[in-house]
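**Q** Return atomic coordinates for the entry below.
(one chain, ligands or ions: 1)
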Amino acid sequence: MFADLDAADPLSGLREGFHLPNGVIYLDGHSLGALPMAVPLRMAQLLSKEWGRDLISSWWRNGWERLPRRVGERLEVLVGAEPGTMVATDSTSVNWFKAVSAALELAGSRRVVLTDSGNFPTNLYVLGSLRDVDVRVVPPEEVVAATSSEVGVVALTHVDYRSGRRHDLAGITALVHSLGAIAVWDLSHSAGVMAVDLARHRVDLAVGCGYKYLNGGPGAPAFIYVAPRHQERFRNPIAGWFGHAAPFDFSVEFVPAQGIERARIGTPHILSLAALDAALEIFDGLDMSMVREKSVRMTSLFIDLVEGMPGFDVVTPRESGARGGHVSLRHPRAAELITVLAGAGIIGDFRPPDLLRFGFSPLYNRYGEVMQLGEALRAVGR
Ligand SMILES: *Cc1c(COP(=O)(O)O)cnc(C)c1O
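**A** Below is the predicted model:
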């Protein structure tokens, strides 16, 4: 059955666009995406021709100056954002700080930020570093009930990094708006593995990570989205020269750039931006609903395989609409099992105290690999 699914998979050819070591089943793309073939080629050209030969003229001759927006444009297509709303820059942590800070100003006098305890730790730490803000952290299933007219900003991660549980982005955003608040979403575990439709759901601000399902490489730049209706009032809490209307006027006074450029801070990370740009080529023309369909099928098959296996508990929601692209299992010997699997060439990851996580990338994982993982777990878990 798994071989039939692979034979009929319309996305199976995409795997050839990735370097995957022989004998390895890589199921950790939710943490560090695999290396796209296009990246080393682009890096070689960047180093020898652009940096090596054209040197500083590359800023305009080779389009370095436009790279943060060029990557932003690719991302807009991927997450259903309006043109002119995204830029690739900084890390997710920094963008989260910028987005939530700006959202608080958009929210007027309300100083309550609501988030949940399933949020990624860096997001919680960053919220804790905001001044004069009342941060409320509730369990994920209590977010809706805790969203009141006191709350100024609801700041959540779409897909839970640990459990794979997915928040109802459309429903929560609509609720937040009905109470006059601002919705900030972190798409780190959803961008590149499912359609997100930021514009359609009228999301206010969003951020996300470049090195997970987007395969931009270790430390790839992250992204930030600001809805068109908020751009004029968006104030970057870190005013830097690349967010200036005219960086190369070197004026003493800060005048923010028009549009999304004002979400930038300093000199763009050209090497890693170029890697992310090349990595995103594989998404050109790709229908994200097909990507999501394969993701759902792989995660469903995997959940079916492990359900009822002695020792394992499926932590991720069974209902496909309530989860993202990875599946987490609980097992008392989780850490040991991840090591044993890695010894057999099956790479997943461990999250303390007792979770095994497996990410299934629709771009390069095969249904046959899901089956092999299931068999391996059956053998080691007893
Ligand atoms: C991976 C991840 C991050 C990473 O943040 P960095 O600043 O890029 O290290 C942030 N938030 C979430 C939800 C993540 O999953």
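**Q** Show me which strand runs longest in the protein.
**A** strand 151-157 (DSSP state E).
**Q** Neighbouring strands - and their directions - for that strand?
**A** Strand pairing for strand 151-157, determined by DSSP bridges: strand 112-116 (parallel), strand 182-186 (parallel).
**Q** and the ones you listed, which is most packed in?
**A** Comparing the strands paired with strand 151-157 by mean neighbour count (mean count of other C-beta atoms under 10 Å), strand 182-186 comes out on top with a mean of 27. To be clear about C-beta, it is placed using only N, CA and C from the backbone, and glycine gets the same treatment.
**Q** residues in contact with that strand?
**A** With contact meaning C-beta atoms under 8 Å, 6 or more residues apart in numbering, strand 182-186 is reached by 92, 96, 99-100, 103-104, 106-107, 119-120, 123, 152-158, 169, 172-173, 176-177, 198, 203-208.
**Q** model confidence over the helix or strand just after it, on average?
**A** Following strand 182-186 in sequence order, the next helix or strand is strand 205-208 (DSSP states H and E). For strand 205-208, mean pLDDT rounds to 98.
**Q** Buried ones in strand 205-208, by neighbour count?
**A** By neighbour count on 16 or more other C-beta atoms under 10 Å, the buried set for strand 205-208 is Leu205, Ala206, Val207, Gly208.
**Q** now stretch 350-361
**A** For stretch 350-361, a neighbour-count test (16+ other C-beta under 10 Å) marks Phe350, Arg351, Leu355, Leu356, Arg357, Phe358, Gly359, Phe360, Ser361 as buried.
**Q** go on, stretch 289-305?
**A** Neighbour-count burial for stretch 289-305, counted by 16+ other C-beta under 10 Å, picks out 291-303, 305.
**Q** isn't Arg42 right next to Ala275, touching?
**A** Yes. If you go by C-beta atoms under 8 Å, Arg42 and Ala275 touch, sitting 6.8 Å apart.
**Q** which one of these two has more residues nearby?
**A** Shown here are Arg42 and Ala275; by other C-beta atoms under 10 Å, Ala275 has more neighbours (28 against 19).
**Q** who touches the more buried one in this structure?
**A** Counting by C-beta under 8 Å, 6+ apart, Ala275 makes contact with Val39, Arg42, Met43, Gly216, Gly217, Ala220.
**Q** show me where the protein has helices.
**A** Per DSSP state H, the chain carries helices over the ranges 2-7, 38-45, 58-61, 67-78, 92-106, 121-128, 143-146, 169-178, 270-280, 288-306, 334-343, 367-381.
**Q** So which residues on the protein come close to the ligand?
**A** Contacts of the chain with the ligand, taken as C-beta under 6 Å from any ligand atom, map to 91-93, 120, 122-123, 157, 161, 186, 188-189, 209, 222.
**Q** Reformat the residues you listed as TSV; add distance to Gly80.
**A** As requested, the residues of the chain next to the ligand are arranged in TSV below (distance: C-beta to C-beta, whole Å):
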residue	distance to Gly80
Ser91	23
Thr92	19
Ser93	24
Phe120	22
Thr122	25
Asn123	22
Thr157	18
Tyr161	22
Asp186	16
Ser188	17
His189	17
Cys209	18
Ala222	18
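**Q** nearest to Phe2, of those residues?
**A** Nearest to Phe2 among the residues of the chain next to the ligand: His189, at 25.1 Å, using C-beta to C-beta.
**Q** Isn't the closest one up against Ser163?
**A** No. Look at His189 against Ser163 with C-beta under 8 Å: they stay out of range, at 10.5 Å.
**Q** Which of these two has more residues huddled nearby?
**A** For His189 versus Ser163, the count of surrounding residues by other C-beta under 10 Å is larger for His189: 27 against 21.
**Q** excluding its backbone neighbours, what's nearest His30?
**A** Spatial nearest neighbour of His30, excluding adjacent residues (C-beta to C-beta, 6 or more residues apart in numbering): Gly359 at 3.0 Å.
**Q** again, but for Gly325
**A** Of all residues not flanking Gly325 in the chain, Val193 sits nearest, at 3.7 Å (C-beta to C-beta, 6+ apart).
**Q** Could I get the pLDDT score of the one you found?
**A** We note a pLDDT of 98 for Val193 in this prediction.
**Q** I'd assumed Gly324 was in contact with it.
**A** Yes. Under the criterion of C-beta under 8 Å, Val193 makes contact with Gly324 at 6.6 Å.
**Q** any common contacting residues for those two?
**A** With C-beta under 8 Å, 6+ apart, Val193 and Gly324 have no common neighbours.
**Q** Val79: what's it in contact with?
**A** Shown in contact with Val79 (C-beta under 8 Å, 6+ apart): Met86, Leu187, Ala191, Ala195, Val196, Asp197, Leu198, Ala206, Gly208, Tyr225.
**Q** Return the distance of it relative to Pro332.
**A** As judged by C-beta to C-beta, to the nearest Å, Val79 and Pro332 stand 38 Å apart.
**Q** same check, this time on Leu20
**A** Taking C-beta to C-beta, one finds Leu20 at 31 Å from Pro332.
**Q** try Tyr161
**A** 21 Å.
**Q** quick revisit: would you list the buried entries among the contacts of Val79?
**A** Neighbour-count burial (16+ other C-beta under 10 Å) applied to these gives Met86, Leu187, Ala191, Ala195, Val196, Leu198, Ala206, Gly208, Tyr225.
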